[in-house]
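Peer 1: A structural model of the following input is requested.
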Amino acid sequence: MSGGLTTGPTGVPARLPDGYNDTGEQTPLDWAVVRVRLEQAKHFWFSTSDDQGAPHARPIWGAWVDDRLYADGDVHHTRWGRDLLANPRTQVHLESATEVVIVDGDFSMTNDLTPESFARVQGSYLRRYESYQPESADGLFMVKPRQVLAWTNFPRDVTRFDFS
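Peer 2: Below is the predicted model:
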């Protein structure tokens, strides 16, 4: 469950290259459906690049709460962490290649968690990772979405959600 949020961004059909959807049928997904997928995801694939532009992808545990992704990890001593510290733009992808959710967002070492929302983050971790939960909100970083792209029936429901 989303805890505090009941609404979200309105989805619009994503623009596809000519020839990708010859039927012209486009039915945007509802944000509530996409939010549930993010809230239930066990692994979040982070995509980063180093200062030379070399790509890097790693699965990371985290929690989607109040339309933000919160996670922890050794940011200062991992390749992905150093990439994010140097360039905070990231894309985060869920595991499925058929029920797709791609978050285009901005990484921050600081987070906006209240005690109530931190308790929801801890609960989210425990539901998915059984015995692990973050001990303190201070150790969590955050990814704030700029845009989310999602689909379950490509190309008919490819949907863009803007958070600006």
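
Peer 1: Could you tell me which residues within stretch 91-99 count as buried?
Peer 2: Gln91, Val92, His93, Leu94 (16 or more other Cβ atoms under 10 Å). All C-beta spots, glycine's among them, are computed from the backbone N, C-alpha and C.

Peer 1: and for the helix or strand encompassing Phe118, what are the contacting residues?
Peer 2: Secondary structure assignment for Phe118, by DSSP states H and E: helix 115-129. The contact list for helix 115-129 (Cβ atoms under 8 Å, 6 or more residues apart in numbering) reads 3-4, 39-40, 42, 61, 63-66, 70, 113, 132-134, 137, 140.

Peer 1: What mean pLDDT does that helix get?
Peer 2: Averaging pLDDT along helix 115-129 yields 96.

Peer 1: could you give me the average pLDDT of the lengthiest strand in the chain?
Peer 2: The longest strand of the chain (DSSP state E) is strand 141-151. Averaged across strand 141-151, the pLDDT comes to 97.

Peer 1: Check stretch 45-59 too.
Peer 2: On average, stretch 45-59 scores 94.

Peer 1: Would you mark the buried spots in that stretch?
Peer 2: Quick answer for stretch 45-59 (16+ other Cβ under 10 Å): Phe46, Ser47, Thr48, Arg58.

Peer 1: quick check, nearest of those residues to Ala150?
Peer 2: Closest approach to Ala150 among these (Cβ to Cβ): Ser47, at 16.2 Å.

Peer 1: now the residue nearest the centre of the chain, what's its secondary structure?
Peer 2: Taking Cα atoms, centre = their mean, the centroid of the chain lies closest to Val103, which sits 4.4 Å from it. Using DSSP: H, G, I helix; E, B strand; the rest coil, the structure places Val103 in strand.

Peer 1: If we ignore the residues flanking it in sequence, what's nearest it?
Peer 2: Val92 (4.3 Å; Cβ to Cβ, 6 or more residues apart in numbering).

Peer 1: Direction included, what does the helix or strand encompassing that neighbour pair against?
Peer 2: Element membership for Val92, per DSSP H and E: strand 89-93. With DSSP bridges as the test, strand 89-93 is paired with strand 44-49 (antiparallel), strand 100-108 (antiparallel).

Peer 1: neighbours around the residue lying closest to Ser108 once chain neighbours are set aside, how many?
Peer 2: In space, and not counting its chain neighbours, Ser108 is closest to Met142: 4.9 Å by Cβ to Cβ, 6+ apart. For Met142, the neighbour count with other Cβ atoms under 10 Å is 19.
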